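**Q** Output the structure for:
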Amino acid sequence: MLSATQHAAVTSDAARPLQILAGPGSGKTRVLTSRVAHLVRDSAAPIAPERCVVVTFTNRAANEMRATPAATGGSTTATPASAISP
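**A** Alright, predicted model coming up:
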């Protein structure tokens, strides 16, 4: 269950980038995965999962996002940051 603030972030305008800043244990990863799922499945103009870029700075959050197929519309394809050249 998302709080009102989290829900607002998940359903905010898809045409604008979204940055989530919050303390530990506040549900950032849940918001990110819910946002991607919303953009892929539920928004007025769905976005193809391969066009979504989600950045996180911890391996734990990245692993949680990879393990959440709903975040990518059922796909578990993800490119780890270590595979991206600067």
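**Q** quick one: least confident helix or strand in this structure?
**A** Taking mean pLDDT, DSSP states H and E as the measure, helix 59-66 is the helix or strand of the chain with the lowest mean score, a mean of 83.
**Q** which residues of this structure score low on pLDDT?
**A** Scanning the chain for pLDDT under 70 picks out 69-86.
**Q** In it, spot the helix with the most residues.
**A** Taking DSSP state H as the criterion, the chain has its longest helix at helix 28-37.
**Q** Report the distance from that one to the chain centre.
**A** Distance, stretch centre to chain centre, for helix 28-37: 4 Å (CA atoms, centre = their mean, to the nearest Å).
**Q** That one packs against which elements?
**A** Counting contacts by 3 or more CB pairs under 8 Å, 6 or more residues apart in numbering; DSSP states H and E, helix 28-37 packs against helix 4-10, helix 59-66. All C-beta atoms are positioned from the backbone trio N, CA, C, and that covers glycine.
**Q** other SSEs contacting the shortest one?
**A** With contacts defined as 3+ CB pairs under 8 Å, 6+ apart, helix 4-10 has these neighbours: helix 28-37.
**Q** mind checking how far the most centrally placed residue in the chain is from residue 38?
**A** Centroid-nearest residue in the chain: residue 32, 3.0 Å away (criterion: CA atoms, centre = their mean). Counting by CB to CB, to the nearest Å, the gap from residue 32 to residue 38 is 11 Å.
**Q** again with residue 22
**A** In terms of CB to CB, residue 22 sits 18 Å off from residue 38.
**Q** The two: who's more crowded?
**A** The neighbour comparison of residue 22 against residue 38 (other CB atoms under 10 Å) goes to residue 38, with 19 against 12.
**Q** Neighbours of the nearest residue to that one once chain neighbours are set aside, how many?
**A** With sequence-adjacent residues excluded and distances taken as CB to CB, 6 or more residues apart in numbering, residue 38 is closest to residue 10, at 5.2 Å. Neighbour count for residue 10, taken as other CB under 10 Å: 20.
**Q** I appreciate the help and will end here.
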